[in-house]
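Chemist: here is a sequence with its predicted model. Questions after.
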Amino acid sequence: MELLCNAPAHASVPDRYVFPPEKRAALQLDGPDDGVTLPVVDLHRAALSCDDGLRRRVAAEIVRAGKEFGFFQARAHVVVNHGVGEDVVRGFRDAAAEFFAMPEEEKLPYCSDDQSKPFRLASSTSYDKSETRYWRDYLKLQCHPVSDHLVCHWPAEPASFRPRLAEFSDAVHELAQTLLRLVAEGLGLSAGFFAGDLSGGETQMNVNYYPPCPDPSLTLGLLPHCDRHLLTVLSQGDVAGLQGRYNGRWLLVRPVPGAFVINFGHQMEIVTNGALASVEHRAITNSAVARMSVATLIMPKMECRIGPAPEMVDDVTNPAKFREFAFSEFMEAYDTAAASREDVLESFRIHRD
C-alpha cells in the first residue's frame, strides 16, 4: 500500500493526486470569509449540573449554532476528574503522530482496505474509486467501549498509543453524551432522547494525517461529504484545513485553542426532521506543515430504527421529510452513493405532490 507518510517530501504533486480544474479547492473559494466565524460554545461543564439557567442557555446556543452552521466549536472548562483535559488530548495526538512517523515496515501489518477490521491504516479514501487520490493517510479504528478485546487490536508501538487512546476515547465519549443531552434539551426533547440505540453503536475514530503538499492548489485532503452517523467530535489541532459549506461557499474552520469542532451527521438531520442539518465539509492541504485531525464518530446501533422524532413533526406545518429505516440500510446507501449528500438522502426522502 502506498502511504504518503512513508515517502520523502515530494518536490511536485504526483499526477495521481492532481484533480481536474473544476474540482480543485483553490478554484472553489467563492471569496473571503467576510468576517464569518464558527460559533464557539463554552460548555462550563462543571456548572451545568447545578445551574439550570446556564444549562438552558448553553443548550440554546448549541441549537442556534447548529441551525445556522451545522457546526460549532465546543470549549470544555476542565476540572478534576471531569472534562477532556488538554493533557489527554495532547497525549493521544502525540502518540498518533509517533505512529505515523514509525518506519514503514513497522506500520505494514496494519495496512488494509478491509473495512471490517477494527484497526487499520490506509491512504486516500474508500470513495476515490481508483481515480484521483486524496492527499491523506488515515487510521480507522473502533475506539469505544474500551475493552481488553478491543485494545488488543490497537498497536503496541509506540508504547503510549494504547493507554493514551483509551484515555482519550473515554473522555471524548463522555463529552459527546453531554452534548447530545444538551442538543435534546435545546430542541425541547427529553434529555435522554439520544441515549440507547441512537448513540449506542460502536464508536469509531478516524485519525487523519495530511503531510505537507508541494502545491495545495492542485489537490484535496478529503472529498466534500456529510458524515453518515449522528455526531462528530473533532480534535483539529492548531493547523487549519477543515472547511464547511456555508451559504453556498466554503468557510475555513479556524482552530480555537482548547476547543473541539462539533458537527451533526445525517442521522441528526433525519431525527430532527431537518432542524439540524448535516453540512458538507472537506479538507484542504497546505505546503508548510503536516496536519493531523482526530474525528470521533458517534453512531446508532446497526439495527436501530431511525426516522423523524414525533416531537419534530407536525402533519400540517412540518410533515415528516424522511421515511423510517434501519441504520444498516443507511450505511449501505451511503456507500452506494459514495458519500454524496444529495444522492444518499434522496433514498430516504418522502416526496409529496
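Modeler: Alright, I've got the coordinates. Numbering: from 1, shown residues only.

Chemist: which SS class is the closest residue to T125 other than its chain neighbours?
Modeler: In space, and not counting its chain neighbours, T125 is closest to Y134: 5.4 Å by C-beta to C-beta, 6 or more residues apart in numbering. C-beta here means a position set from N, CA and C on the backbone, and glycine is covered the same way. Under DSSP: H, G, I helix; E, B strand; the rest coil, the three-state class of Y134 is coil.

Chemist: pLDDT wise, what is Y134 at?
Modeler: Note for Y134: predicted pLDDT of 95.

Chemist: surely it and S126 touch.
Modeler: No - under the contact definition of C-beta atoms under 8 Å, Y134 does not touch S126, with a separation of 10.6 Å.

Chemist: please say which of those two ends up with more neighbours.
Modeler: Y134 (24 against 12; other C-beta atoms under 10 Å).

Chemist: in the stretch 201-350 of the chain, what residue spans correspond to helices?
Modeler: 266-271, 327-336, 341-346 (DSSP state H, counting those that start in this stretch).

Chemist: wait, I meant the stretch 1-150 of the chain
Modeler: Using DSSP H, counting those that start in this stretch, the helices assigned to the stretch 1-150 of the chain run over residues 45-48, 52-69, 86-101, 104-107, 148-151.

Chemist: before we move on, the earlier item: how close does the residue nearest to T125 sit to H173?
Modeler: From Y134 over to H173 the distance is 28 Å, taken as C-beta to C-beta, to the nearest Å.

Chemist: again, but for V271
Modeler: With C-beta to C-beta as the criterion, V271 and H173 are 19 Å apart.

Chemist: measure the residue nearest to T125 to D52 for me?
Modeler: 46 Å.

Chemist: grab the nearest non-local neighbour of Q115.
Modeler: In space, Q115 is closest to S126, 6.6 Å off (C-beta to C-beta, 6+ apart).

Chemist: okay, and the helix or strand of this structure with the least pLDDT?
Modeler: Lowest by mean pLDDT, DSSP states H and E among the helices and strands of the chain is helix 45-48, with a mean of 62.

Chemist: one step back: name the residue in V271 and H173 with the higher neighbour count.
Modeler: Neighbour count, other C-beta under 10 Å: between V271 and H173, V271 has more, with 25 against 20.

Chemist: what about the more buried one, distance to L297?
Modeler: V271 is 16 Å from L297, by C-beta to C-beta.

Chemist: wait, what's in contact with V18?
Modeler: Contacts here follow C-beta atoms under 8 Å, 6 or more residues apart in numbering; on that basis V18 touches 132, 218-219.

Chemist: so which of those residues is the most crowded?
Modeler: T219 leads these on contacts (other C-beta under 10 Å) with 25 neighbours.

Chemist: that one against R24, yeah?
Modeler: Yes - if you go by C-beta under 8 Å, T219 and R24 touch, sitting 7.5 Å apart.

Chemist: so where's this protein shaky on pLDDT?
Modeler: 26-36, 45-47, 76-83, 128-130, 353 (pLDDT under 70).

Chemist: one more pass at 80, please.
Modeler: Of all residues in the chain, those with pLDDT under 80 make up the ranges 26-37, 44-50, 75-83, 127-130, 338-339, 352-353.

Chemist: just the strands in it please.
Modeler: Along the chain, the stretches classed as strands by DSSP state E are 40-42, 71-75, 119-123, 137-144, 203-210, 222-225, 231-235, 242-246, 249-252, 259-264, 281-283, 291-298, 305-306, 325-326.
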